[in-house]
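> Sharing a sequence plus its predicted fold:
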Amino acid sequence: MDGILSTFFGTVAMAFAVGSGDNLAMAVPVTEEHPYYWPLHEAVQNLPKSQLTPQSIMRSLNSIQGLPQDLKWPVAGLLSSVLAFVGDGPGDDADGTYRAFTNILAVHSHLRKLYSQNGDEGYLYPFLNPLMIAVCRRVVQVGDIAASYSTASMREQSSPRSIRDGARQALERSIQVASAALQGPEWNQASRADYTVADALWPLANLLWRMYAARRLHTQAAELAKTFSNLVPSEEERLRARGHVLSTGTLAESYYWRGRLGIVLLDFRLARRWLEKAWGVAPDDGWKQRQSILIKLIPAALLTGSLPAAGVLEEYDLPVFAPLIEAFRDGNVPRWRALLEEHRVWLRAQHIWLLLFERGEIIVWRNLFRHALTAYYLAAPEAPRKLCPTWVFVEAARTAFAGSGELEEDLVLEDIICVLSSLIDQGLIMGNISYSQRQLVMRPPEKGGGFPRVKDVAPRRVQAIS
């Protein structure tokens, strides 16, 4: 047999024998950049198919010392699938790239069979983590390439949708292993081991979340987030025991995807919680990652009453937010609307336009009215602090919209009463409107006043009626 093949088999077999996950991942060529890839490609091209079957490779493995007998057959199957993937090459047309995709899926299938084998003391081969992550990453890459070349109809297995579904399902099967419950002695042993399958959960989930985001599979993304919430032991306990094996960038990305999901679902409090955790662990030298987190965190923080420092916007090259924050703070409703329209394309590309549009304007109105109330009390210090005539808010709206071109006739109370009612309904104003007396009756100052802080306002929860 060709020398490069013998060296390849021996390196892989030795890594399996000693349980060295890092050496195994470095030995298996899943990308064209790997030093073994093209030499193996050439060697495989010059050999008959009969010498690349698991049976033939099994005979070669029998001559290698140290590899347990019960591992030889599954390792032979894995090596055979790797050689098929390398031998056929990456492809440069629809047929070739689809063949490369089916080949890498076969590699993943053989690897997962080993990865999921369980014994009395837990999973038998947790050292496969690095290789499993590398193969899953390659499944996604090759799948994207094959889908971009495919012109098959939707019902065919080689269609772009079917290819991407195949890649997604491969990752989901790997997640099932990495997220399995670990209890009692099994967890005690795994938490102290060099490798445990649980360590692969975060990098695999990041790949899957990215895929869900690209295909707008928000329901599946939410289910994956629930997987983390339901881990046994909990995610926090796993990180306390195994956090040292994860890079901070990987963990920050995991938090980021959960925060991004909150943005998509218009749950800005959930979004802020996860994005602040992502910001807290993101590496200081990961400028691009920190910028991505900020792009989602700033809107979530705005809608919960926090304004970022101007220096942060400058440091991370986000000048688009400066005028938005100014309009938000000042309660400048027409300016807010104009800026959302002006930057609509960029904001939509960042998936934050809808959140700002749907949830932001009502708080801008709240800020406008709060400033008007403050100015009214300064001008009339003798006025009772639990009452405010509604003309104050009408006049504030007139001033804000003057010169904006949005008004065709003069503003009156009926034009803004729906806004006031909505603010009261959402708890952003604590009080009620006395329409006959043209007064806003508010909670007294000693009980918190009529305009609570935005961060203290509990979101409404709608209970379904059965």
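Looks like it arrived, so ask away. Numbers count the residues shown, from 1 in each chain.

> ok, the residue lying farthest from the centre of the chain to His371 distance?
The C-alpha centroid of the chain is most remote from Glu382, which lies 53.2 Å away (C-alpha atoms, centre = their mean). Distance, Glu382 to His371, by C-beta to C-beta, to the nearest Å: 20 Å. Any C-beta I mention is one placed from the backbone N, CA and C, and that applies to glycine too.

> What ranges does the stretch 51-200 of the chain have for its helices?
Remark: helices assigned in the stretch 51-200 of the chain by DSSP state H, counting those that start in this stretch are 54-62, 69-88, 94-115, 129-149, 160-178, 184-192.

> buried stuff in the fifth one?
Of the residues in helix 160-178, those buried by neighbour count under the rule 16 or more other C-beta atoms under 10 Å are 160, 162-164, 166-168, 170-171, 174-175, 177-178.

> repeat for the first one
Using 16+ other C-beta under 10 Å as the burial criterion, the residues of helix 54-62 that qualify are Pro54, Ser56, Ile57, Met58, Ser60, Leu61.

> Also the second one?
Taking 16+ other C-beta under 10 Å as the neighbour-count basis, helix 69-88 is seen to contain the buried residues 71-72, 74-88.

> Now do that helix and helix 129-149, the angle between them.
Relative orientation of helix 69-88 and helix 129-149, computed by axes from the mean of the first three to the mean of the last three C-alpha atoms, to 10 degrees: 30 degrees.

> Identify the residues contacting helix 69-88?
With C-beta atoms under 8 Å, 6 or more residues apart in numbering as the test, helix 69-88 has contacts from 5, 8-9, 12-13, 16, 28-30, 36-37, 40-41, 44-45, 52-55, 57-58, 61-62, 67, 96, 99-100, 103-104, 106-107, 109-111, 113-114.

> Just the strands from the stretch 301-450 of the chain, written as ranges.
387-389, 431-434, 439-442 (DSSP state E, counting those that start in this stretch).

> Tell me where the model's unsure across this protein.
By pLDDT under 70, the weakly predicted segments of the chain are 1-2, 459-466.

> what residue lies at the spatial centre of it?
Centroid check for the chain by C-alpha atoms, centre = their mean gives Trp257 as the closest residue, at 1.7 Å.

> thinking again about what came up before, any idea which of the helices of the stretch 51-200 of the chain gets closest to Glu121?
helix 184-192 (6.3 Å; C-beta to C-beta).

> what about the closest one, distance to the chain center?
29 Å (C-alpha atoms, centre = their mean, to the nearest Å).

> Same check on stretch 421-430?
33 Å.

> got the end-to-end distance for it?
Terminal residues of stretch 421-430 are spaced 11 Å apart (C-alpha to C-alpha, to the nearest Å).

> now stretch 115-124
Taking C-alpha to C-alpha, the span from the opening residue of stretch 115-124 to its closing residue is 8 Å.

> Show me what counts as buried in that stretch.
Residues of stretch 115-124 classed as buried: Tyr115, Ser116, Gly122, Tyr123, Leu124 (neighbour count, 16+ other C-beta under 10 Å).

> In strands, which of those residues fall?
Of these, the ones assigned to strands by DSSP state E are Gly122, Tyr123.

> could you dump the buried residues of stretch 115-124 to CSV with distance to Trp287?
Shown next, in CSV, are the buried residues of stretch 115-124 (distance: C-beta to C-beta, whole Å):
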residue, distance to Trp287
Tyr115, 35
Ser116, 38
Gly122, 40
Tyr123, 37
Leu124, 41
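
> and the two most separated of the buried residues of stretch 115-124?
Across these, the longest distance by C-beta to C-beta is 12.5 Å; it joins Tyr115 and Gly122.

> Relative to Ile429, how far out is Ile417?
Remark: distance between Ile417 and Ile429 (C-beta to C-beta) = 12 Å.

> in stretch 38-54, what's buried?
Within stretch 38-54, the residues that qualify as buried are Pro39, Leu40, His41, Ala43, Val44, Gln51, Leu52, Pro54, counting by 16+ other C-beta under 10 Å.
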